[in-house]
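In: Mind looking at a prediction? Sequence and model below.
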Amino acid sequence: MRIESMRINYPNSHFTAAAVDGTEGNPMTRRRAGMHAAAAAAALALAALPLAACSSDAGTEGGTTTITISSWYEENVIGTTIETANEILAADDIELEYTQIPLDQYNTWLSTQLASGEGPDLIMDGASFPARVAAGNLVDISDDEIVSNFTPEGLALATAADGAVYGVPSYGWFSGIFYNKALFEEAGVEVPTTFDEFLDVSDQLIDAGITPLAAGLADSDKAIHSLMGYLENAYYHNGDGSPEIDTEFAYGETTLDGNWNDALDTWSELIHHGVLTAEMIGTPMTQAQAEFTGGDAAMYISGPWDYQVFVDAGLDFGMFAHVGDDAENQWLLGGPAASMGVNVDSEHPEEALIALHALASQEAMQATIDANPGAFSYYNGVEGSFPAEYDLVAPLLAEGHVAVGWDRWGVNMPAQTMLDTLTKGLQSVIGGQQSTDDLIAQLDAQADSIRY
C-alpha cells in the first residue's frame, strides 16, 4: 500500500544559543538534567530489550541521533510541539523527525510496521494504544519520573490491567457541535439543550430551507461522534446504563444487546428527521466542512482541531455539547487524544526515552495547548485558554464532563477494530440497509472475536 505522507523537520538551528547554553534558572536546562537522570535509570532495562532493525531512517549522522515519530496530526496541530521538543533536545544532539500518515491509513500502517519488529522510535496512537501495550510493542515506563506529571485520567489508555504504565498522553481532545449563529438567528431557533430540542431545532432549520447538519460520512467518524455523544448523555450518565457497562462489555461480562437497543432506536430519529441522510454516505469530510464554513449548513460535529478553520472562514460560531435527556447534566465526547511511548524495537532506546521526556515536557505540552485553542492538558500545571466560542462548553470541561465509550472498551480489546466496524455499520443503518438491532448484534459478534 502506498502511503502519501508529509514529513516535517525542525532543525536544531531553530534553537537559540542562549537556550542551548542555559543558566541555572533555565527550565529547559533543569529538565534536561532530569531527562538524563531518568534515561540513566532506565538504560539497563532498555538495553535488555530485544532490538530489531527499525524501518524508519532513524540513525546517527554528523553526531546527531534522529528519533522518529509518526501520527495523523497535521502541522497546525503538532508542529510547534515538535519544534519545542527539538529545542530542548538540541543540547543532546538528538532530533525528532515527524511523519504524518493519513488518519484512515494510520492504524494499518502502524500495525504492519510493528508486526515486523519495526516502526518509529516513539509510538503514538489513540484508541489502539492499549492494543500496542497488549502486543508488547512498548517499553514499561512505570518507574520513570515522567509518569508523575500526568493525571490518572490521562494515563488511562497507557495503563495495563496490572497497573504498569507504557506511555503518556499528548493532550485531551473533546468534540461537541459547532453552530452558525447567523443561521440559527435566521431560522429563529435557540441552542438545544436536550435531544428532543435538537430534533425540533433541526426540523425548524429544514423548514427555513437550511441544512441542519453537515456530515461527510464517506471518510469521517462524524456518525460515531453523533451516536456516542448521544449515548454518553442519554444512556451512560442520564439513562439506564452506566460507564461500567462498557468495561463489562470489554471483558465479555455483558453484551451491547439488551443494553443499547432502546437508546440506539431513539438516536435513529436523526435519520427519520433528515438530519443524517443516505446522501452523506457518499460525501467526503472536506466537502461537509466546506458546507459549514461556507454558511450552507447550520451545524458541524467536531472539536478544537477545526477551530482555526472556522475563525479563518470568518464565521460567527459557537459550540454546544452533545445532548441527551438532561439539560443540567451534559457531557462532551472526549479523552486522551493520543498516547506516546518508546518502541521496544527502537535502535536508539536511550535517546528515544530522552525524546519522550522532551515531548512530554511542560514546555512542549503548553505548546500543544497553545496551538489548539480549546484543547486541554492532562499534564499537571498546563492550562489552556477557552475562546468565547467555547463559553457553553467551558463549564463542562472544568467539571471534567468529558468521556467516551471506546476508551473504556480499550481495556480488553482493540478499540479501533470496533470503531471500524461501527463506522461501516452506521453507514448501513443511515443508508437503510440494516436496523440498529442488526448493528448491535454485529458489534457483539465482533467483540467476541477480538477480546484479548
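Out: Good, I have the coordinates.
In: CA atoms for contacts and neighbours, from now on please.
Out: Noted.
In: And the strands in the stretch 51-200 of the chain?
Out: In the stretch 51-200 of the chain, the segments counted as strands under DSSP state E, counting those that start in this stretch are 60-61, 64-71, 94-100, 122-125, 168-169, 172-180.
In: buried sites along the second one?
Out: Right, strand 64-71. 65, 66, 67, 68, 69, 70, 71 (16 or more other CA atoms under 10 Å).
In: Could you name the stretch from the strands of the stretch 51-200 of the chain that's closest to residue 107?
Out: Shortest distance between residue 107 and these, using CA to CA, is found for strand 122-125: 8.3 Å.
In: thinking residue 284 is in contact with residue 214, fair?
Out: No: taking contact to mean CA atoms under 8 Å, the distance of 10.4 Å between residue 284 and residue 214 leaves them out of contact.
In: Residue 235 versus the spatially most central residue of the chain, what's the distance?
Out: Ranked by distance to the mean C-alpha position of the chain (CA atoms, centre = their mean), the top residue is residue 337 at 2.8 Å. When CA to CA, to the nearest Å is applied, the distance between residue 337 and residue 235 equals 23 Å.
In: Also residue 117?
Out: 41 Å.
In: Who has more neighbours out of those two?
Out: Regarding residue 117 and residue 235, a neighbour count based on other CA atoms under 10 Å identifies residue 235 as having more, with 22 against 18.
In: SS state for the residue nearest to that one when sequence neighbours are not counted?
Out: Counting by CA to CA, 6 or more residues apart in numbering, residue 241 is the residue found nearest to residue 235 once chain neighbours are left out, at 5.2 Å. For residue 241, the reduced secondary structure class is coil; criterion used: DSSP: H, G, I helix; E, B strand; the rest coil.
In: Quick check: residue 241 touching residue 259?
Out: Yes: taking contacts as CA under 8 Å, residue 241 lies within contact range of residue 259: 7.1 Å.
In: ok, now which ones touch residue 84?
Out: With contacts defined as CA atoms under 8 Å, 6 or more residues apart in numbering, the neighbours of residue 84 are 359, 363, 364, 367.
In: So it versus residue 366, what's the distance?
Out: Plainly put, residue 84 is 10 Å away from residue 366 if you go by CA to CA.
In: correct me, but residue 422 touches residue 441?
Out: No: proximity of residue 422 to residue 441 does not meet the contact threshold set by CA under 8 Å, at 11.1 Å.
In: Have a look at those two and say which one is more surrounded.
Out: Comparing residue 422 with residue 441 by neighbour count (other CA under 10 Å), the higher total belongs to residue 422, at 20 against 15.
In: Let me see the contact set for that one.
Out: 224, 439, 443.
In: cool, residue 444 as well?
Out: Under the contact definition (CA under 8 Å, 6+ apart), the residues listed for residue 444 are 255, 256, 257.
In: sec struct for the first one, please.
Out: Judged by three-state DSSP, the three-state class of residue 255 is coil.
In: before we move on, back to that, need the strands of the stretch 51-200 of the chain in TSV (columns: mean pLDDT and distance to residue 142).
Out: Shown next, in TSV, are the strands of the stretch 51-200 of the chain (pLDDT from 0 to 100; distance: least, CA to CA, whole Å):
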stretch	mean pLDDT	distance to residue 142
strand 60-61	60	28
strand 64-71	97	21
strand 94-100	97	23
strand 122-125	97	16
strand 168-169	96	10
strand 172-180	95	21
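In: Let me have those strands in a markdown table, extended by distance to residue 372.
Out: Listed next are the strands of the stretch 51-200 of the chain as a markdown table, based on distance: least, CA to CA, whole Å:
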| stretch | distance to residue 372 |
| --- | --- |
| strand 60-61 | 33 |
| strand 64-71 | 16 |
| strand 94-100 | 17 |
| strand 122-125 | 18 |
| strand 168-169 | 15 |
| strand 172-180 | 10 |
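In: between residue 284 and residue 214, who's got more neighbours?
Out: residue 214 (25 against 15).
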